[in-house]
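**Q** Provide a 3D model corresponding to the input given below.
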Amino acid sequence: WKLLNEKANVTEIYDPLYQFYHTDFVNSVIEYANYYSISYDECLKMLGFDENKIIEASKESAIGDMIIYYIAAKEGITVTDEDCKEYLEDYVEYYKEQGMNYTVESLEKELEDYYGEGYVYTQLLSGEVIFAVFDSATIVEKPAATE
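**A** Residues are numbered from 1 along each chain as shown. Next up, the predicted model:
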């Protein structure tokens, strides 16, 4: 996957996707800062981040998603509403085993409230694309180094 990201030639980042990730990273730092009762800047330092690293991480995440969407479109990979429902049903069952009481609707709402609309769809599409890439990859083992 790393090689695919390195080889992709993304000439322009889709700004709404970048903004989504940038906001998500900033909000995560704010949550940590609030949890530890420290300032945003102190939290950045504690995490080993600065504004430039957040910008770069946001760009990398947006580019990764753009690659996924491009491959999905090129290869005709889709995810249906039924796929999303099955995914949520599986997680509802898992959470029930953990003593949590979700319905498909409440879990979907919680995920979308936290991660944004379309989260389940994007997660499933990403998985399908990654499996398709790995299934079509040719694995070549490097010869063992001789001493």
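
**Q** other SSEs contacting the helix or strand of the chain with the lowest mean pLDDT?
**A** Ranked by mean pLDDT, DSSP states H and E, the helix or strand of the chain with the weakest confidence is helix 2-7, at a mean of 80. Counting by 3 or more Cβ pairs under 8 Å, 6 or more residues apart in numbering; DSSP states H and E, the packing neighbours recorded for helix 2-7 are helix 51-75. Bear in mind the C-beta positions are built from the backbone N, C-alpha and C, glycine included.

**Q** Outside of the helix it packs on itself, list whatever touches it.
**A** 4-5, 8, 10, 13-14, 17-18, 20-22, 25-26, 29, 44, 77-78, 122, 125-126, 128-130, 132-133 (Cβ atoms under 8 Å, 6 or more residues apart in numbering).

**Q** Could you identify the helix or strand that succeeds that helix?
**A** helix 81-97 (DSSP states H and E).

**Q** gap between that next one and the chain center?
**A** 18 Å (Cα atoms, centre = their mean, to the nearest Å).

**Q** So which residues make contact with it?
**A** By Cβ under 8 Å, 6+ apart, the residues outside helix 81-97 that reach it are 101-104, 107-108, 120-121, 123-124.

**Q** got it, and stretch 21-30?
**A** 40, 43-44, 47, 49, 54-55, 57-59, 61-62, 115-116.

**Q** just the buried members of these?
**A** In these, burial by neighbour count holds for 43-44, 49, 54, 58-59, 61-62, counting by 16 or more other Cβ atoms under 10 Å.
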